[in-house]
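A.B. asks: got a predicted model here, sequence first, then my questions.
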Amino acid sequence: MKLFLDCEFTQLNRDTKLISLALVSEAGHEYYVELTDTYLVADCSDFVIQNVLPQLDMPACGQPLAEAQVSLLAFLSNLEGPLEICSDAPDWDWDLFCQLAYVNHRWPANVANRPTNLILLFRHLEADDIGNVTLPELPHHALLDARLLTDLYRRLTAGSNRVTEHG
């Protein structure tokens, strides 16, 4: 099963820190968390301060890192594997996902240990398959973005078994 990953983080540099993470499965299962103890506002770029932070709902979705690790692993363990983590930005999102998923030197047994790059996967589609699809402007909210990626994947692969074989 494919899980579509999206993360929001403090800025585009090697010292970036995780703000929020979402996974949406092909079957519609959702996991979303906002981290309460991994960053400070001072760590964030102006773009993140203006576009990402105002969308957060810490009272409803906030968890410290250790709690988020437990809740993510519980979510993953309730899904039948193998699980394939798909991202449109794996160079950024994968390391952030690993911060939550790799706990006590253990990787979740039902999760593939490398990401699938959705951009490369989408390139395998024929032009006709993507002709009717408009790529949306992502709202810079991890859960909404992961839902959009899931929906886009579903639309692009509808009736095309060839694409799911590339995973």
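C.D. replies: In hand now; what should we look at?
A.B. asks: which helices and strands does the longest helix anywhere in the chain pack with?
C.D. replies: Ranked by residue count under DSSP state H, the longest helix found in the chain is helix 142-157. If you count contacts as 3 or more Cβ pairs under 8 Å, 6 or more residues apart in numbering; DSSP states H and E, helix 142-157 packs onto strand 2-9, strand 18-25, strand 30-35, helix 118-123, helix 161-164. The way it works is simple: take the backbone N, C-alpha and C, and place the C-beta from them, glycine included.
A.B. asks: in it, what counts as buried?
C.D. replies: 142-150, 152-153, 156-157 (16 or more other Cβ atoms under 10 Å).
A.B. asks: any chance of those residues in CSV, plus pLDDT and distance to Ala112?
C.D. replies: CSV is the format used below for these (pLDDT from 0 to 100; distance: Cβ to Cβ, whole Å):
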residue, pLDDT, distance to Ala112
Ala142, 96, 20
Leu143, 96, 22
Leu144, 94, 25
Asp145, 94, 21
Ala146, 95, 17
Arg147, 94, 21
Leu148, 92, 22
Leu149, 91, 17
Thr150, 93, 17
Leu152, 87, 21
Tyr153, 88, 16
Leu156, 81, 21
Thr157, 79, 18
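A.B. asks: between the residues you listed, which is nearest Val48?
C.D. replies: Nearest to Val48 among those is Ala142, at 12.2 Å by Cβ to Cβ.
A.B. asks: follow-up on the earlier one: could you dump the buried residues of helix 142-157 to CSV with distance to Glu84?
C.D. replies: Output for the buried residues of helix 142-157, formatted as CSV (distance: Cβ to Cβ, whole Å):
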residue, distance to Glu84
Ala142, 18
Leu143, 19
Leu144, 21
Asp145, 18
Ala146, 14
Arg147, 17
Leu148, 18
Leu149, 13
Thr150, 13
Leu152, 16
Tyr153, 11
Leu156, 16
Thr157, 13
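A.B. asks: where does the chain have low pLDDT?
C.D. replies: 124-138, 159-167 (pLDDT under 70).
A.B. asks: am I right that Ile119 is in contact with Asp88?
C.D. replies: Yes - contact criterion Cβ atoms under 8 Å: Ile119 and Asp88 qualify, at 5.8 Å.
A.B. asks: neighbour count winner among these two?
C.D. replies: Between Ile119 and Asp88, counted using other Cβ atoms under 10 Å, Asp88 has the larger neighbour count: 22 against 10.
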